[in-house]
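Participant: model the following, please.
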Amino acid sequence: MTGSGPPGRAGEAATLDLAVTAGRVPTSERTVYEGEHGTLRPKVDRLAVEEPLEIRLTYPGGDSRRTASTLSVTMRTPGHDVELVAGFLLSEGIVSGTQDIRSVAYCLDREIEPEQRYNVVTADLRRPPAREVHARNVVTSSACGVCGSASIEAACGREHPAVAPGPLVARSLLARLPGLLSSGQRGFAATGGLHAAALVRSSGEVLALREDVGRHNAVDKVVGWALLDGGLPAHDAVLVVSGRVSFEIVQKALQAGVSFVAAVSAATSLAARLAGETGMTLVGFVRGDRCTVYSGRERILEG
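Facilitator: Prediction:
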């Protein structure tokens, strides 16, 4: 496996072969047939890339040896994998901050097949996980997250950081959020097959935007960016997502200290319930001047 390398953006948080990541294009060409006017015509189409990412975990054991295990295998769009893993660890409650992380690196062991070498990432922790770790023995699909956990009840009952009072968001900015998100979705523009998540200040400044075939992966990537950049808790940011808001996305936002989530689509019943119980502002169907506020009306300003 690769060494710990140079310090990351927030201490010794991450190791990453930037050349490899920068060279990976998350689209793939394929000849398809489009039906129009009663005929099928061939054309070259660009598809969103979906590949497995195995997340391995190592940490100090009781006998001074390091414990190693496979934590999860998730289907994702390659790119920003270190951020994805860092965000996943925080969202799952395995770490509480970068002080718990020794390194996050691609595993380049020789026994790994060459085509899979950048599909395995090992997170090396400085201390045992902050909570009991249950390995996910099945592949987590790009559309699924919490259903792969060993205990849904444990996920629902997890304690979350206190929600901050801010940010206060004007209705005019709320109406602009989908446009700010779509303007940075280059992968979606090319394929039509990627979700996006972004952290946006109440001033309208986009702090980070990430795309992925999985909604929860896109959120983990922006949360991981904030974690490694020293930007957590993100009390002054709005989390904007391109799809629906599930319970897991609200939970990830809470772990990152986000108190305002806005979505282009709907929220699920459990997401709305968790947001209401924790004091989060949750807004869905943000389209032009229209929106649906599920909870936290007090953070939305007229004008």
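
Participant: averaged pLDDT, the strand or helix carrying Ile249. What do you get?
Facilitator: Using DSSP states H and E, Ile249 sits within helix 247-255. Helix 247-255 shows a mean pLDDT of 95 in the predicted model.

Participant: swap in stretch 38-49?
Facilitator: 92.

Participant: related to what we said a few turns ago, tell me which strands and helices the helix holding Ile249 is in contact with?
Facilitator: helix 81-91, helix 152-156, helix 215-228, strand 237-241, strand 260-263, helix 269-278 (3 or more C-beta pairs under 8 Å, 6 or more residues apart in numbering; DSSP states H and E). All C-beta atoms are positioned from the backbone trio N, CA, C, and that covers glycine.

Participant: for stretch 289-302, buried residues please.
Facilitator: Of all the residues in stretch 289-302, those buried under the rule 16 or more other C-beta atoms under 10 Å are Cys291, Val293, Tyr294, Ser295, Gly296, Arg299, Ile300.

Participant: my bad, should have said stretch 67-82
Facilitator: Leu71, Ser72, Val73, Thr74, Met75, Arg76, Thr77, Pro78, Gly79, His80, Asp81, Val82.

Participant: so where's the chain uncertain?
Facilitator: Applying pLDDT under 70 to the chain flags the ranges 1-25, 62-65, 112, 114-115, 134-158, 161.

Participant: try it again with 90
Facilitator: Residue ranges of the chain with pLDDT under 90: 1-28, 36-38, 48, 60-70, 107-118, 128-164, 166, 184-193, 288-289, 302-303.

Participant: circling back: so which of the buried residues of stretch 289-302 are in strands?
Facilitator: Among the buried residues of stretch 289-302, DSSP state E puts Cys291, Val293, Tyr294, Ser295, Ile300 in strands.

Participant: and the residue nearest in space to the middle of the chain, how far from Pro128?
Facilitator: Centroid-nearest residue in the chain: Asp220, 1.8 Å away (criterion: C-alpha atoms, centre = their mean). Relative to Pro128, Asp220 is positioned 22 Å away (criterion: C-beta to C-beta, to the nearest Å).

Participant: tell me where the stretch 51-200 of the chain has helices.
Facilitator: In the stretch 51-200 of the chain, the helices defined using DSSP state H, counting those that start in this stretch lie at 81-91, 152-156, 171-183, 186-191.

Participant: could you give the separation between the terminal residues of stretch 74-81?
Facilitator: Stretch 74-81 has an end-to-end distance of 11 Å (C-alpha to C-alpha, to the nearest Å).
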